[in-house]
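A.B. asks: what follows is a predicted protein model with its sequence.
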Protein chains: 2
Amino acid sequence: MRIRELSNRSGVSTPTIKYYVREGLLPAGQRLGPVRTEYSEEHIARLRLIRALRENGKLSVEAIKQVLERLDAAPDGHHSIAAAMEALDEQQEERRPRTVAEREELKEARRAIGDFLIGLGWKTRGHETSAERSLVEAFATLRRVMSKDLPVDVLEPYARALEQLAKVEIPAGRVVRAAPADAVRRAFLGMILFEPVLLSLRRLALEAEARKAYRQEMSSSMAERD
Amino acid sequence: MRIRELSNRSGVSTPTIKYYVREGLLPAGQRLGPVRTEYSEEHIARLRLIRALRENGKLSVEAIKQVLERLDAAPDGHHSIAAAMEALDEQQEERRPRTVAEREELKEARRAIGDFLIGLGWKTRGHETSAERSLVEAFATLRRVMSKDLPVDVLEPYARALEQLAKVEIPAGRVVRAAPADAVRRAFLGMILFEPVLLSLRRLALEAEARKAYRQEMSSSMAERD
């Protein structure tokens, strides 16, 4: 198909398609003549994936480029998930502590989170991954706003729920078996693409639970008055 | 304290503090003279909260203003959570479908998600909340990238996990009892501030599960070779 059809079907404008080709996110089309370039269904699929990573995953063009390059070169299961995660790490800038007190709070939070992750058996050796760093920063912020002494145990029910979920999301043995590169791709992309699903469902679950708690409270206070 | 100390202790620059006061996010300090304004510990707490909503919650200044105004005016439990959520709804722009096919896909996804939420007992009457809309959009994107026929049931384990979690996050009866405004405030802020915690923990859980699956696979394929 011509670039115009590619644009119509993918919902990505012609200049943006050309930009993605220049940046190496999208393979160039096949040149059939001086003003004629042919694109395939694979270009459509790739453009949809790029859009999904931008819209659902809120990734930058540079981050998408890095992530896709490493997934395309996927050697095997676990290692290429780690490689793609590393690409995300490199993109994410560390938030600098803004005051002396914050530097201390961050250090404290880092120690508490480290122990917590070791307890779960989730701690990786070597450098701090971006997920670990985000968790440390988010937890330090929670403490700053809610309570300086907020125990790390408040994270326990979250960790347990997500551990159960991970067992459904990555069924043992399915990551490496069969078509390894494709399975890894799916696992990694699922991780990114399901994030807004998770957040929306949590908000809906909390709204539903708050409504229920409110109704129970109302009926029990009516009963007390009777 | 003077504005300089307020800035040092909160990690927010003086011009930004003045901007927040002009925008009505932060109450003005007490004027003690033509060049002297006094700020209190409450100003520190408020600035920390604003920063947390910006950094953890990625909310815009306008969204924070709307959310805090409605939480400050909180009349009672359930209704003010709904009011604060509505403030978020107003901030979030609807993503427009870019092609004719996408409009259809979005309609399909909206119907599927609607049925799914009714099944869970989570569907609210009246307008579509921002959480519902985000879920519809994220699910339509998933279908576009993964499979046109992706069944809505893939969301089931996520919904169940988050329903369990919500019971811990909003213990029945605690929302309205005691200091209602404060309890609601905490429930709502917890919802926003725990979002990056949830995403980081999910990534860590998935990495840990992928490593485990990889090791199992390796040892079972070694056993097969023996």
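C.D. replies: Arrived safely.

A.B. asks: from now on I want contacts and neighbour counts done on CA atoms only, so please keep to that.
C.D. replies: Fine.

A.B. asks: element containing the most centrally placed residue in chain A?
C.D. replies: Geometric centre of chain A, nearest residue: A:Ile192, 3.5 Å, by CA atoms, centre = their mean. A:Ile192 belongs to helix A:180-193 when assigned by DSSP states H and E.

A.B. asks: hang on, the earlier thing: the closest residue to the residue nearest to the centre of chain A other than its chain neighbours in helix, strand or coil?
C.D. replies: Among residues not flanking A:Ile192 along the chain, A:Gly57 sits closest, at 5.5 Å (CA to CA, 6 or more residues apart in numbering or on different chains). Counting by DSSP: H, G, I helix; E, B strand; the rest coil, the backbone at A:Gly57 sits in coil.

A.B. asks: the lengthiest helix in chain A close to chain B?
C.D. replies: Counting by DSSP state H, the longest helix found in chain A is helix A:195-225. Yes. Contact of helix A:195-225 with chain B (CA under 8 Å from any CA of the partner chain) involves A:195-214, A:216-217.

A.B. asks: quick one, strands of chain A?
C.D. replies: A:30-33, A:36-38 (DSSP state E).

A.B. asks: so what does the last one touch, helix or strand wise?
C.D. replies: Using 3 or more CA pairs under 8 Å, 6 or more residues apart in numbering or on different chains; DSSP states H and E as the contact criterion, the secondary-structure elements in contact with strand A:36-38 are strand A:30-33.

A.B. asks: neighbouring strands for the strand it packs on, and are they parallel or not?
C.D. replies: Sheet pairing for strand A:30-33, assigned by DSSP bridges, gives strand A:36-38 (antiparallel).

A.B. asks: OK, contacts around the residue lying closest to A:Leu206 once chain neighbours are set aside?
C.D. replies: Of all residues not flanking A:Leu206 in the chain, B:Ala166 sits nearest, at 5.4 Å (CA to CA, 6+ apart). Contact analysis of B:Ala166 by CA atoms under 8 Å, 6 or more residues apart in numbering or on different chains lists A:202, A:205-206, A:209.

A.B. asks: how near is A:Glu156 to B:Gly121?
C.D. replies: 27 Å (CA to CA, to the nearest Å).

A.B. asks: how many neighbours does A:Phe139 have?
C.D. replies: 27 (other CA atoms under 10 Å in any protein chain shown).

A.B. asks: just checking, it touches B:Pro196?
C.D. replies: No. Assessed by CA atoms under 8 Å, A:Phe139 is found out of contact with B:Pro196, at 9.0 Å.

A.B. asks: just checking, A:Met191 touches B:Arg203?
C.D. replies: Yes. A:Met191 is within contact range of B:Arg203, at 7.2 Å (criterion: CA under 8 Å).

A.B. asks: who's more crowded, those two?
C.D. replies: Set A:Met191 next to B:Arg203 and count neighbours by other CA under 10 Å: B:Arg203 wins out with 22 against 19.

A.B. asks: now the more buried one. Nearest residue, chain neighbours left out?
C.D. replies: A:Ala131 (6.2 Å).

A.B. asks: residues in contact with that neighbour?
C.D. replies: Taking CA under 8 Å, 6+ apart as the criterion, A:Ala131 is in contact with B:200-201, B:203-204.

A.B. asks: hmm, try it at 7 Å
C.D. replies: Listed by CA atoms under 7 Å, 6 or more residues apart in numbering or on different chains, the contact set of A:Ala131 reads B:200, B:203-204.

A.B. asks: how far away is it from A:Val145?
C.D. replies: On the measure of CA to CA, A:Ala131 and A:Val145 end up 21 Å apart.

A.B. asks: need the phi and psi values for the residue nearest to A:Ile192.
C.D. replies: Backbone torsions of A:Gly57, given as degrees, to the nearest 10, read phi -90, psi -10.

A.B. asks: dump the contacts of A:Ala131 into TSV; add pLDDT and distance to A:Tyr39 as well.
C.D. replies: Shown next, in TSV, are the contacts of A:Ala131 (pLDDT from 0 to 100; distance: CA to CA, whole Å):
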residue	pLDDT	distance to A:Tyr39
B:Ser200	88	38
B:Arg203	86	35
B:Leu204	87	38
